[in-house]
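A.B. asks: Fold the following and give me the result.
(chains A, B and C)
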Amino acid sequence: MGGEKNVGQAKGGKAKAKTPRQRLSDKEGSSGGDALRKSTKPNKERTKATAKSQRAEKVKVQKKVKAFKTESVESFDDVRFNLAVKEEPEDGDFVPEKRGKKRKRSEDEPMEGPSCSSATPTLNRKLKEKDEADPRTEKNTKEGIKKEKKPKKEEAEHPVTTKKKSKEEIEAAKALKIKKREEEEQQRWRWWEEDKYEDGVKWKLLEHRGPFFPPEYQHLPDNVNFYYNGKVVKLGLAAEEVALFFAQMLDHEYTTKDVFRNNFFKDWRKEMTLEERVLISDLNKCDFRELHNMHKEKVEARKAMSKEEKLVMKEANQKIVEEYGFCILDHHRERIGNFKIEPPGLFRGRGEHPKQGMLKKRIQPEDVIINCEKKSCIPEPPAGHHWKEVRHDNTVTWLASWTENVQGSCKYVMLNPSSKLKGEKDWEKYEVARRLKSCVNGIRQQYQQDIKSKQMETRQRAVALYFIDKLALRAGNEKEEGETADTVGCCSLRVEHLTLHDLLEDKDCVVEFDFLGKDCIRYYNKVPVTKRVFKNLKLFMKNKEPGDDLFDRLNTCLLNKHLSSLLPGLTAKVFRTFNASITLQEQLRQLSNMTDNPAEKLLSYNRANRAVAVLCNHQRVPPKTFDQSMANLQSKIDGRREQLALAKSELKLAKKEVQAHSSDSKLQAVVERKKKAVQRCEEQLMKMEVQATNREENKQIALGTSKLNYLDPRISVAWCKNMEVPLDKIYNKSQRDKFAWAVDMTGADFIF
DNA sequence: CGAACTACTTAGTATTGCGGAT
DNA sequence: ATCCGCAATACTAAGTAGTTCG
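C.D. replies: Residues are numbered from 1 along each chain as shown, chains lettered A, B, ... in the order given. The predicted model follows:
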């Protein structure tokens, strides 16, 4: 164990040198601090923002407690901790070995992998089919309009000012969309009805065109100059390209930071010729303004492009997507997620990244490894180039990979979230989380016991697990010192990230967390814990420096080994998935009523979603236009209120008229009309008010991340069915695609 | 064992583009 | 027809976790 201790100390020691600075900057001028990432904000701005953010923090905490109740006051009265353990999942079980109905392969899906000669036709045929599909659908659309009764009805109701043509066009477009959607649905690969491959095999056939490379750099026009020390300097191609990267970012705050500037300058000089390097020795003497202006003009010009020009661009892009954006995987055409090679540029890390500003080099085909099926058509490298390697590894899911020069890590070209490969994994993830649900009570009991263990390692593991479970913290892998921003997760927490309060705000044993997590998002939380946990934390922190590890005997590897011994497949992150999903389900049950109107139902859904986002600490910077748009909405609401008042008084008047003149049918009709107007007004007002509430509550909370990565989609699908809410109110197109498996298999009775 | 390497998920932000308002 | 605000999408960094290697 001596070795471990040494490691811990060494790490702590190194960390110490750096973290106080960071901590100082976090705390500077504030006790509560900014709820969001602060490291990227300049000091002045931050101080200014402090009072505001402190308030925001308070509001946030209140919200947490009041609206969502995701925080427990006394240990385990949390909603998540009152689960019925016994109930077994009933629906949509993940059964890798034998899955329900088998789907027969259709005739046009050959069983064998195509040879090189037949492979390309496969791709091309699919492309052609799509091309031909368009005119076809257009024809169908016209028929579709005739069938649709809606347009006529609307026209009758509003006999009207708007041009018929545009209306028809709109309807046509709508019908086309519906048609397309139906077609897509029919073509969808229902992989979840098929058998799974044997262990480790990800595909049997994989064919693609290779990644798409960004265009080569072109020299600047002659009239755009770079100046050094006031004199024009014509840079060589390489140095000029890098100079332009910097010039493009001049408006950005990055370029004022020393770390960024130094890294940039160092890497830029590496790209220079000898003469350039001799001449250009001081970044402060560089004048990029002309390059910067040229860039800005280009951006403007692009914005100002005519419709036709934009259409041409769009079509060109579409062509690239059609050609490079898809692959054939086991006879199905699947969308690739990131088929474009990342263009060169300056590295923009998040937070105080020590490598910010470094040059991210251009990737050549010679750097790229291609992965595809042996007998498939091997993608052609760009003319005059060759691939680094072509391999045929069907135990991995990537189509191409390269090593990035800044961090030395691997980048992969992989499939879209809607693909089988991603979907299957996702499904499995939620099934593991559901398995955790059925044994979580036992695990909780065990770690409560383990907290009393004589073994230090076991105790630390138990406390860490308590945090991971209760607070949904990330695991906290070790990171290489000085290579990345200083962020932590549970296992890598340091003493300086916790403050213990025997008594705080009328609560005993409160732990105050304050650290930067993934992406340098600040985690700030005051949590009452059990006496036992509290005592242990004191013990763990005893005789340690602020920069020392809190859990000096623990790391994620040890923790995960323990977890997987409790339940195969269980790791630290499963707790996040499980707690997120169970919270959503529970909140939906508590918040939503069948008798609510549609807007209220949606608000409830969003609130449940938000409870999860708060739990997982998914934050965002409030949009720049937030206050403005909020004010706009408010004035709209006010306007509508007035309108409603007016409509109401008009209705009253009309009613009086009717009473006065007994039953005049004309006047009756007027009353009816006014009644309707009032109703409409009320509905719209209501809708807007709900929207305002929702937006306000979303100010600095991001819902997307949890929706996409943590919430079992089947919970949402079942909720929609139960509440009679159309699914597309909850999921947009790409989300419906990603979760197609869940949409298809889930009934109203699904329970996570 | 632990460091290095690999593969894959999760994350926030920048950019794009669409639909409604003007 | 154009502008504006926001939702959707694109992008790529930053995590987790498993495997390999020394």
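
A.B. asks: Take the host helix or strand of A:Lys310, keep the C-alpha atoms, and write them as PDB.
C.D. replies: Using DSSP states H and E, A:Lys310 sits within helix A:307-324. Below are the C-alpha coordinates for helix A:307-324, written out as PDB (Å, rounded to 0.1, in the frame of the first residue of the first chain):
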ATOM      1  CA  LYS A 307     -31.500  32.700 -52.300                       C
ATOM      2  CA  GLU A 308     -30.300  31.100 -55.500                       C
ATOM      3  CA  GLU A 309     -26.700  31.100 -54.400                       C
ATOM      4  CA  LYS A 310     -27.600  29.700 -51.100                       C
ATOM      5  CA  LEU A 311     -29.600  26.900 -52.800                       C
ATOM      6  CA  VAL A 312     -26.600  26.100 -55.000                       C
ATOM      7  CA  MET A 313     -24.400  25.800 -51.900                       C
ATOM      8  CA  LYS A 314     -27.000  23.700 -50.200                       C
ATOM      9  CA  GLU A 315     -27.300  21.300 -53.100                       C
ATOM     10  CA  ALA A 316     -23.500  21.000 -53.300                       C
ATOM     11  CA  ASN A 317     -23.500  20.100 -49.600                       C
ATOM     12  CA  GLN A 318     -26.300  17.700 -50.100                       C
ATOM     13  CA  LYS A 319     -24.300  16.000 -52.700                       C
ATOM     14  CA  ILE A 320     -21.300  15.600 -50.400                       C
ATOM     15  CA  VAL A 321     -23.600  14.100 -47.700                       C
ATOM     16  CA  GLU A 322     -25.100  11.700 -50.200                       C
ATOM     17  CA  GLU A 323     -21.700  10.600 -51.300                       C
ATOM     18  CA  TYR A 324     -19.700  10.500 -48.100                       C
END
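
A.B. asks: mean confidence for that helix?
C.D. replies: In this model, helix A:307-324 has a mean pLDDT of 88.

A.B. asks: Past that helix, which element shows up next along the chain?
C.D. replies: strand A:326-329.

A.B. asks: Each with direction, which strands does that next one pair with?
C.D. replies: strand A:206-207 (antiparallel), strand A:332-335 (antiparallel) (DSSP bridges).

A.B. asks: Switch these over to JSON lines; also include mean pLDDT.
C.D. replies: What follows is those, written out as JSON lines (pLDDT from 0 to 100):
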{"stretch": "strand A:206-207", "mean pLDDT": "96"}
{"stretch": "strand A:332-335", "mean pLDDT": "94"}
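
A.B. asks: Point out the most buried one among the ones you listed.
C.D. replies: strand A:206-207 (a mean of 24; mean count of other C-beta atoms under 10 Å). Backbone N, C-alpha and C define where each C-beta goes, glycine included.

A.B. asks: what about that one, distance to the chain center?
C.D. replies: 28 Å (C-alpha atoms, centre = their mean, to the nearest Å).

A.B. asks: That one and DNA strand B, any residue contact?
C.D. replies: No. Applying C-beta under 7 Å from any atom of the strand, one finds strand A:206-207 out of contact with DNA strand B, separated by at least 11.6 Å.

A.B. asks: Report the buried residues of the next helix-or-strand element following that strand.
C.D. replies: Heading C-terminal from strand A:206-207, the first helix or strand you meet, by DSSP H and E, is strand A:226-228. For strand A:226-228, burial by neighbour count (16 or more other C-beta atoms under 10 Å) applies to A:226, A:228.

A.B. asks: for strand A:226-228, packing partners?
C.D. replies: Applying 3 or more C-beta pairs under 8 Å, 6 or more residues apart in numbering; DSSP states H and E, one finds that strand A:226-228 contacts strand A:231-233, strand A:286-287, helix A:289-303.

A.B. asks: could these be laid out in JSON lines, adding mean neighbour count, mean pLDDT and distance to DNA strand C?
C.D. replies: Output for these, formatted as JSON lines (neighbours: other C-beta atoms under 10 Å; pLDDT from 0 to 100; distance: least, C-beta to the nearest atom of the strand, whole Å):
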{"stretch": "strand A:231-233", "mean neighbour count": "13", "mean pLDDT": "96", "distance to DNA strand C": "28"}
{"stretch": "strand A:286-287", "mean neighbour count": "18", "mean pLDDT": "96", "distance to DNA strand C": "23"}
{"stretch": "helix A:289-303", "mean neighbour count": "14", "mean pLDDT": "90", "distance to DNA strand C": "9"}
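
A.B. asks: Of all the ones you listed, which one is nearest DNA strand B?
C.D. replies: Comparing the helices and strands packed on strand A:226-228 by their distance to DNA strand B (C-beta to the nearest atom of the strand), the top pick is helix A:289-303, with 6.9 Å.

A.B. asks: Hey, what's the angle from that closest one to helix A:307-324? Just curious.
C.D. replies: 90 degrees (axes from the mean of the first three to the mean of the last three C-alpha atoms, to 10 degrees).

A.B. asks: Quick check: next helix or strand after the host helix or strand of A:Asn525?
C.D. replies: A:Asn525 belongs to strand A:522-528 when assigned by DSSP H and E. Using DSSP H and E, the helix or strand that directly follows strand A:522-528 along the chain is helix A:531-541.

A.B. asks: Check which residues of that next one are buried.
C.D. replies: Those would be A:532-534, A:536-537, A:540-541, for helix A:531-541 by 16+ other C-beta under 10 Å.

A.B. asks: what's the closest of those to DNA strand B?
C.D. replies: Distances from DNA strand B to those, taken by C-beta to the nearest atom of the strand, are shortest for A:Phe540, at 18.4 Å.

A.B. asks: Around the closest residue to A:Gly704 other than its chain neighbours, how many other residues sit close by?
C.D. replies: In space, A:Gly704 comes closest to A:His618 once its chain neighbours are excluded; the distance is 7.9 Å by C-beta to C-beta, 6 or more residues apart in numbering. For A:His618, the count of nearby residues is 21 (other C-beta atoms under 10 Å).

A.B. asks: Does A:His618 touch A:Ala702 like I think?
C.D. replies: Yes. Contact criterion C-beta atoms under 8 Å: A:His618 and A:Ala702 qualify, at 4.6 Å.

A.B. asks: who does the lengthiest strand in chain A touch, helix- and strand-wise?
C.D. replies: In chain A, with assignment by DSSP state E, the single longest strand is strand A:507-516. Secondary-structure packing of strand A:507-516 (3+ C-beta pairs under 8 Å, 6+ apart): helix A:2-27, strand A:498-504, strand A:522-528, helix A:531-541.

A.B. asks: Now do the first one, average pLDDT.
C.D. replies: Just to be clear, that refers to helix A:2-27. 33.
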